[in-house]
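Visitor: task: produce atomic coordinates for the following.
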Amino acid sequence: MDNTKKVLIIYTGGTIGMKNTSMGYKPAPGFLKEAVEAIYDMSRPDFPAWELVELDPLLDSSDMAYREWNKIASVIYENYNDYAGFVVLHGTDTMAYTASALSFILDGLDKPVILTGSQIPLSELRSDGRDNLVTSVMIAAECVVREVALYFSGKLLRGNRAMKMSADGLVAFDSPNYPHLAEVGINVKYNAPALYRTKKKAISFCPFSEVPIGVIKVFPGIQFGLFEEIMAEKLSGIVLETFGAGNIPGGGSELLPIIKKAFASGSVITVCSQCPSGTVTLGAYHASALLKQAGAVSGFDMTTEASVAKLYHLFSLGISKDEIKRLMETDIAGELTEL
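Guide: Modelled structure (predicted):
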């Protein structure tokens, strides 16, 4: 391990650095630094050099939104030339959203940005945070992975392919539609063909703007009319979570006029699957073909988290609605598999 490669650790909040108080676990300024400095491996001479910065305020990850994503990305961008890699300590609930967002905000990224956290605080017995943190710093310093990734419990995943799979299990994340970037046991075994390499010559900072985006999950008996006003008049981007490969109830008789109206008013509707694994194929069934005809676009095998982040990104670029539709079906950061 080359300990001359310095890593910047960015603590945003989340369980890994929380303190047990009379009101339950909550982030406490300065508390994480004490816990990290108590980890023997972090001070070994053969361990990568590292520095820690805490964001203010520290947040539970459920409070993360586009402003916080921009803030994290700006810290990385402003310090980009001073560090070999970056580790972002984050709460698990929305870690996959943040990982997806950073992959678009940091356009042309060519260094490791590893998100991690824990299910048990560092200050507690049996904390999974120790291995997650130590291994993430080592991966960031090695610079084999040069993209936004998420490390948790022995798995290194592409950030914009990751999903939280368990609320209380230590193996909390997976990427059902993309191979793991690495498996960590005695050694770190990288999956070289799965690693992303940008074609850009330099990194660009592309912050998100405030964009009204919504997610609608289709369920049996859904009354689409109840969503007409918000879909057609109030939302710029909509992620529609459908059944299977893109199917909707009732052949879409109630939904299709709403999609046409939303499209005419400037909205972009992206169809994703409720299934963790698999892809949306608009046209495989009659109902899904009608979605395409009405103006919806396919999210293919994108996660909902990546779809939301990508809509933020594309609308923030100020490009045309037709260009947004085209790019939603185009792989731009390793987030989807084009058919």
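
Visitor: now do the buried residues in whichever strand or helix holds residue 53.
Guide: For residue 53, the host element (DSSP states H and E) is strand 50-54. Buried residues in strand 50-54, counted by 16 or more other CB atoms under 10 Å: 50, 52, 54. All C-beta spots, glycine's among them, are computed from the backbone N, C-alpha and C.

Visitor: mind listing residues that contact the very next helix or strand once past that strand?
Guide: Once the chain leaves strand 50-54, the next helix or strand it forms, by DSSP H and E, is helix 66-78. Identification of contacts with helix 66-78 by CB atoms under 8 Å, 6 or more residues apart in numbering yields 8, 10, 12, 53, 55, 59, 86, 88, 97-98, 101-102, 105-106, 113, 203, 205, 207-211, 309, 312.

Visitor: tell me how far the residue lying closest to residue 247 once chain neighbours are set aside lies from residue 253.
Guide: Closest residue in space to residue 247, ignoring its immediate chain neighbours: residue 287 at 5.1 Å, by CB to CB, 6 or more residues apart in numbering. Applying CB to CB, to the nearest Å, the value for residue 287 to residue 253 is 10 Å.

Visitor: which one's more surrounded, these two?
Guide: Taking other CB atoms under 10 Å, residue 287 and residue 253 do not tie; residue 287 has more neighbours (21 against 12).

Visitor: can you list contacts of the strand holding residue 53?
Guide: 6-11, 29-30, 32-33, 36, 42, 75, 83, 87, 137.

Visitor: off-centre distance for it?
Guide: Relative to its chain's centre, strand 50-54 lies at 22 Å (CA atoms, centre = their mean, to the nearest Å).

Visitor: what angle separates that strand from helix 66-78?
Guide: Our comparison of strand 50-54 with helix 66-78, counting by axes from the mean of the first three to the mean of the last three CA atoms, to 10 degrees, yields an angle of 150 degrees.

Visitor: give me the subset of the contacts of strand 50-54 lying in helices.
Guide: Secondary structure from DSSP state H places 32-33, 36, 75, 137 of these in helices.

Visitor: now pLDDT, distance to residue 64 and neighbour count too, for those residues, in TSV please.
Guide: Listed next are the ones in helices among the contacts of strand 50-54 as TSV, based on pLDDT from 0 to 100; distance: CB to CB, whole Å; neighbours: other CB atoms under 10 Å:
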residue	pLDDT	distance to residue 64	neighbour count
32	92	17	27
33	92	21	14
36	93	21	23
75	98	14	17
137	98	22	28
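
Visitor: contact partners of stretch 224-235?
Guide: If you take CB under 8 Å, 6+ apart as the criterion, stretch 224-235 is touched by 212-214, 216, 238, 254-255, 258-259, 261-262, 265, 267, 269.

Visitor: filter these to the buried ones?
Guide: Using 16+ other CB under 10 Å, the buried ones in the contacts of stretch 224-235 are 213-214, 216, 238, 255, 258-259, 261-262, 267, 269.

Visitor: per-residue pLDDT, residue 280?
Guide: On the pLDDT scale, residue 280 is placed at 94.

Visitor: tally of neighbours for it?
Guide: Considering only other CB under 10 Å, residue 280 is surrounded by 28 other residues.

Visitor: so who does the nearest residue to it once chain neighbours are set aside touch?
Guide: Nearest residue to residue 280 in three dimensions, chain neighbours excluded: residue 246, at 4.3 Å (CB to CB, 6+ apart). Contacts were defined as CB under 8 Å, 6+ apart; by that measure residue 246 touches 271, 273, 280-282, 284-285, 287-288, 291, 298.

Visitor: Serialize those residues to CSV and add fields for distance to residue 186 and secondary structure.
Guide: Shown next, in CSV, are these (distance: CB to CB, whole Å; DSSP: H, G, I helix; E, B strand; the rest coil):
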residue, distance to residue 186, secondary structure
271, 43, strand
273, 37, strand
280, 39, coil
281, 41, coil
282, 45, coil
284, 44, coil
285, 47, coil
287, 50, helix
288, 46, helix
291, 48, helix
298, 41, strand
